[in-house]
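Chemist: I would like to see how this sequence folds:
(one chain, ligands or ions: 1)
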Amino acid sequence: MPSQAGLPRRTVLTALGAASLAGTFAAAAPARAAERSGVATDATAADLPAAAAHWTFDEGSGTAAADASGNGHAAALQGAAGWDTGKVGAHSLNLTAGGDAAASGPALDTSKAFSVAAWVNLSQLGGYQTAVSIDGKVVSAFYLGLRDDTGTFAFARLDSDATQGAAVAAAASAPTTGTWTHLVGVSDPSAGVTRLYVNGVLEGQADYTAGWAGTGDTAIGRALYGGGHVDQWHGLIDDVWMFPTALTSDQVATLAGVPVESTTPLLSVDVAHPAHAVSPILPGLMFEDINHSGEGGIYAELVQNRSMMASDTSPVHWSAVGGTTLALDTTTPLNDVLTRSLKVVLPTGTGPGNRAGVANDGFWGIPVRPRTTYTARLFAKASRRIGPLTVAIESADGATVYASAHVPHIGTAFPGRPFELTLRTGSGAPVTGDARLTVTTADPTASGETLWLQHVSLFPPTYNNRPNGLRIDLMEKLVALKPKFLRFPGGNFLEGNTIATRFNWKNTIGPVWERPGHMDDAWGYWSTDGLGLLEYLQWVEDMHAQPVLAVFAGYTLKGEHVTGDALKPYIQDALDEIEYVTGPVTSTWGAKRAADGHPKPFPLEFVEIGNEDWFDSSGSYDARFTAFHDAIKAKYPHLKLIATTTVTSRTPDLIDEHYYLAPSAAQAATHKYDNRDRASTKVFVGEWAAQEGRPTPDLNAALGDAAWLAGLIRNSDQVLMECYAPLFSHVKNNVWATNLIAYDNVTSYVSPSYWAQHMLTSKLGNTVLPATARALPAVATVATRAGNRLYLAVVNSGTEKATVPIELKGLPKGVRKNATATVLTGPSRTTTNTLASPDTLAPRTSTVTGAAARFTSTVPALSVTVLELTLA
Ligand code: AHR
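Modeler: Sure, this is the predicted structure:
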C-alpha cells in the first residue's frame, strides 16, 4: 500500500464562542428591491447598479412586457404565455401552458461581466427548463433555470456558440413546485467565475473564462440549443433584471430581499435528527477485463497467449530460440477446445551448447523478483521421446537465467495433465519486468525433431496462495477498500460485440486447459477465461464481500438482440449460472462447482440482467428483463434483480445507473439524489467516475469523485450500492482513459480518487445526519455518525482555502475539543500519482483541536477532509 506517513497537512479548527459567531452575522439595513417586493427585512439596501433591462411583468394584460430600466428592451409574449398573480408587484408572467416572452436582440453584452436575476415558480419539476437566456446562433449565451443533469437550479455557460459541455454553477438546495424562488446568475469571465445565488445565498460556483457575446434575442421562458428553441419553462416568472456588472453578495441579498446575515457561509449538521441509515452495502467494486485488467492484470498468469489461441494466423508473443521454426499447428490439438498447438521445429545441431526452443514475452515482459517461487505448467510432446526440457525465466537477451526447472522427458503424446514445475529465483535476482520465459532443450537426440507445446503457463505467488489465482499487490489494494460487493464480469465484457464473444460462463469453468477462451472484442485482446466464474467467486470470497452477478441478457454491443423463444437458452444459462454459484452439491451445477474445488455454495443476493440496455434501440429490454425476471424469481424468489435501464412491465429491485462526468459536473451533481422521489425504485450506481487524467484520475477528478460520492452517501437510502469504474488499467494498454488503479507487470499504484473513496467509505458512520453547506459553493459535504463518533467530510473543490463555520445542532452533551483530521490535497488540479511517483498524493492524518458545538474549520484549497469528532 502507498505510505500514509509524512508531514500532516493542517486543517485548522478554531472554536467560535457566541461572540465571534455573532460577529460573523453582521447587522444590515432595509433593501430597496425588498421594499418593492414587500418582503419583511431589517436589512439596509446595498446600492444596486444601473440595470441593462428590467421586466416587472406587472402589466397583467396584453402581449407586451415593458422594460422598466428605460433601455427599450420590451418583451413580446408569445404562444401560450399569459399573466398571473405576481411575486413582486401585481402580476407575473405565466408560462404554465407554454410560451415565452422575448425581446429583440441582446439586452446585455455577455462577453463582459453581467448578472441576471429572476423570481421563478415551477409548476412541474424535471428536464431542462430555462427561465432567462440570451440567444447565440447555436446555443444560448447563458442559461438561468433548472437542469436535468444536476436536478437543481443552475446558471450555466458554454465556452463558445456551439453545442458542448457547460460550466455549471449548480444549486445546493432542492427545487420545488408552487413556491417562489429567487435566482441570480453572475458571470465574470475576467475573474474566471460564474455564480448562482438561490434566495440570496451563494449556492453554486464554476470556473469560467470564455465570455462570449450572444447576439440573438433575449428570451424569458426558453433557451436555444443546437440552433433550436428548447428548455420550455413551466410555471411563473417575475421581476427579471439584467445588470451589466457582477453583483456583489450584498447586492444579491438586496435583490432577493433577505437579510445579509442569513446568506453567510455555514455548514450546519443536525446531530439530533438522523436522516436515515447508511446503506450497509453501499461501497463496492466493479470489474471487467478492460485495459488488460484481467489478462496481464489481476489474473496473475504471466504468459501471454499461453493457449496459442490469441491469433489464428501466427503464434503471437512466442519467438524462436536457437534457430527453431515456429508455426500454429491445427493438426495437433490438445483437446476439443484448444484446437491447435505451437509447433516448434528444432534445428539440426541442437545439443549441448546449442539449446533450441521458444520464448514468451509475457505481458510487456515477464516480471522477476528475488527469492520468489513460480509455478510453471505446460503440455509438451515431441516427434520422438526427448529430454530434458528446460523451462527458464531469463533476461530478455537470454544471457542471464534467473530461475529454471526441467521436465526430464517428454513423450510423443500430450499427457493427460500438464507437467508442473517449480522455479525459484535466488537472492541475487533483480527486480525487473524485462524478462522472458523460455522452453528449450539441448538434447542432441532432439536435433531436427519437432516439439509441440500447449497451455504454457507461469504463475508467481498469488493472493491467499490460490492456484490459478490473483496478483497480490492489486488484491491488497482492493481489500484495503473493504468493498461490500464485486460487480462482475462487466460492463461491455459481459455483452461482447456479438453473441459469440459474450462472456459465456460455461466456457469459463473447469480445468483452465479445457477452457477455449474468447476474443474480448469490446476491448481488443484475447481472454483465456482463466479468470472464470469460479475465480471471480473466490476473489469475492477473499475480499469478504458478496457477488453482484451480471448475467448475459440477450443483447450485444453491435445491437444483436434476442427475443421470444430464442431467449430461452440464455435464460436457462442464467438459471444454471445461479445454480453453479448457489446450488447444493446434489444439484447438477452445484456438483460441477464441487468438482471444480468449491463444494460450499456461495452466498448470492443480487443478479443484474444485462448491461447498459438503454443502448438497445430496438426496445427489446422490457420483454427480455421480464422473461429473465419471471424465470429467476420463480426459482429463486429471494434474489434481488437489477435492471440496467427503465422497465415498465416488471418492477426491478434496483436500477443500475452509470455516470461518467467531467470533474466539475461531478461536483455539481453532488445534490443529484437529494430531491429524488423517496418511493421510487432504489438505485445501484454500478459505474461512475469523474474523468480527467490518464491512466488514472488527477486531483481535480478526485475532488469531483469525492463530491459525487458524498452525495451518494447522503442519499444512501436511495442509492443502496455504488462502484467506481473502470477499476484497473495496465499502463501499457490504457484504452479507457481514467481508471482507479494502474500498474505495469512489476508494481502498481493507486490514484487520488482511490484515496478519496478510501477516506469517505472507511471513515463512515452507520447513520446519515442532515448536513447543509450554505454559501459554500465549492464545498460538498456529508455527515455520518456511529455511536459517539461523528464523521464530517468536507470536499473543497476551490483553489482557495475555505474557512468553514460549522455548527453541530442538537448535541446531547457537547463534543470533545480534540478531533482527527484526515486530509487529501495537492498543489494543483492536475497533480497526480504515477508508477514512478506513487505517493505524491495520499491522505495525511493529524490531531486537531478546537472542536466545539460551533467552530470554524479551515480546509485547504483543492482538498478532501474527513473530520472525526467524538461526542462527549
Ligand atoms: O467502464 C467502461 C465501460 O463503460 C463499461 O464496459 C460499460 O458498461 C460502460 O459503457
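Chemist: isn't Ser279 right next to Leu712, touching?
Modeler: No: contact status for Ser279 versus Leu712: not in contact, 9.0 Å apart, counting by Cβ atoms under 8 Å. (C-beta placed from N, C-alpha, C; glycine too.)
Chemist: quick one: which of these two has more around it?
Modeler: Set side by side, Ser279 and Leu712 give different neighbour counts by other Cβ atoms under 10 Å, the larger being at Leu712 (24 against 21).
Chemist: element containing the more buried one?
Modeler: Remark: Leu712 resides in helix 699-714, with elements defined by DSSP states H and E.
Chemist: so how far is that helix from its chain's centroid?
Modeler: 9 Å (Cα atoms, centre = their mean, to the nearest Å).
Chemist: please name every helix or strand in contact with that helix.
Modeler: Helices and strands touching helix 699-714, as assessed by 3 or more Cβ pairs under 8 Å, 6 or more residues apart in numbering; DSSP states H and E, comprise strand 654-661, helix 663-668, strand 682-690, strand 719-722, helix 752-762, strand 779-786, strand 789-796, strand 863-870.
Chemist: kindly recompute the last result at 7 Å.
Modeler: Contacting helix 699-714 under the criterion 3 or more Cβ pairs under 7 Å, 6 or more residues apart in numbering; DSSP states H and E are the following elements: helix 663-668, strand 682-690, helix 752-762, strand 779-786, strand 789-796.
Chemist: right, and those - which one's nearest the ligand?
Modeler: strand 682-690 (5.2 Å; Cβ to the nearest ligand atom).
Chemist: the closest one near the ligand at all?
Modeler: Yes: between strand 682-690 and the ligand, judged by Cβ under 6 Å from any ligand atom, the touching residues are Glu687.
Chemist: now do the strands in the stretch 251-400 of the chain.
Modeler: Listed in chain order, the strands of the stretch 251-400 of the chain (DSSP state E, counting those that start in this stretch) span residues 266-270, 276-277, 285-286, 318-321, 325-329, 341-345, 356-360, 366-368, 373-382, 389-395.
Chemist: so for His544, which of those sits nearest?
Modeler: Taking Cβ to Cβ as the measure, the strands of the stretch 251-400 of the chain were each checked against His544, and strand 285-286 came out nearest at 12.5 Å.
Chemist: residues of the stretch 201-350 of the chain that sit close to the ligand?
Modeler: 288, 290.
Chemist: domains in the chain, by residue range?
Modeler: Listed domain ranges for the chain are 9-29+763-870, 43-263, 318-461 (source: automatic domain parsing).
Chemist: one step back: deepest in the core, which of the helices and strands packed on helix 699-714 is it.
Modeler: Mean neighbour counts were compared across those using mean count of other Cβ atoms under 10 Å; the top stretch is helix 663-668, at a mean of 28.
Chemist: quick check, pLDDT for the nearest residue to Leu703 once chain neighbours are set aside.
Modeler: Spatially, and ignoring its direct neighbours in sequence, Leu703 is nearest to Ser797 (4.5 Å; Cβ to Cβ, 6 or more residues apart in numbering). In this prediction, Ser797 carries a pLDDT score of 94.
Chemist: wait, isn't Ser797 in contact with Asp705?
Modeler: No: when contacts are counted by Cβ atoms under 7 Å, Ser797 is not listed as touching Asp705 (10.7 Å).
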